[in-house]
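A.B. asks: after the sequence you'll find the predicted model.
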Amino acid sequence: MNLAKKVVDKMISGDAFSQWLGIEVLEITEGLCKLKMTVKDEMTNGFKIAHGGISYSLADSCLAFAANADGIQAVSIETSISHTKKIASGDILIATSKEMNKSSKTTLYYITITNQDNQEVAHFKGTVYRTGKEWFPEN
């Protein structure tokens with residue numbers, strides 16, 4: 001098993017919220033993550049569209065998995081999202097990360113969320129702090 005998959009498997013096993021969202025990992029390599037989920041009725045608001053926190057949470061999980069996939073623990077320090085199209089119950093969302101700038105202490109990611117029609121529905125930007133602590137230190 002490669003390191004990226006091993007790290008994400010460990011992360012998701014303890015991540016009850018990502019599990020509740022029904023997130024499926026489609027692809028994971030160092031710096032790249034692609035996730036999929038289906039929006040459920042209980043994820044919608046009074047307008048019968050997905051609560052903004054749903055797409056945000058999907059993107060946040062994508063950020064976390066991408067940023068930790070190299071085996072070094074990283075935590076978000078700044079994030080933002082722009083919603084560009086409404087999301088409804090039954091929509092299938094795909095979040096894809098792109099690593100923009102990586103240093104020894106921080107990394108910047110852009111994450112695009114598309115729907116089942118390949119329409120962009122949200123754009124997320126996240127910066128993580130790289131702690132230097134390994135997920136699986138050699139003993």
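C.D. replies: Yes, it's here. Numbering: from 1, shown residues only.

A.B. asks: pLDDT weak spots in this protein?
C.D. replies: 1, 139 (pLDDT under 70).

A.B. asks: which residues in it form strands?
C.D. replies: Secondary structure of the chain by DSSP state E: the strands cover 24-29, 32-38, 72-83, 92-102, 106-114, 120-134.

A.B. asks: quick one: buried residues of stretch 121-135?
C.D. replies: Buried residues in stretch 121-135, counted by 16 or more other C-beta atoms under 10 Å: 121-128, 130, 135. Heads up, the C-betas are built off the backbone N, CA and C, glycines and all.

A.B. asks: mind putting these into a markdown table with distance to Ala95?
C.D. replies: As requested, the buried residues of stretch 121-135 are arranged in a markdown table below (distance: C-beta to C-beta, whole Å):
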| residue | distance to Ala95 |
| --- | --- |
| Val121 | 10 |
| Ala122 | 8 |
| His123 | 11 |
| Phe124 | 8 |
| Lys125 | 13 |
| Gly126 | 11 |
| Thr127 | 17 |
| Val128 | 15 |
| Arg130 | 21 |
| Trp135 | 21 |
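
A.B. asks: with respect to Tyr109, which of these is nearest?
C.D. replies: Nearest to Tyr109 among those is Gly126, at 5.0 Å by C-beta to C-beta.

A.B. asks: and the closest residue to Asn101 other than its chain neighbours, how many neighbours does it have?
C.D. replies: With C-beta to C-beta, 6 or more residues apart in numbering as the measure, Leu108 is the residue that lies nearest to Asn101, at 4.5 Å, once sequence neighbours are left out. Neighbour count for Leu108, taken as other C-beta atoms under 10 Å: 16.

A.B. asks: brilliant, that's me finished.
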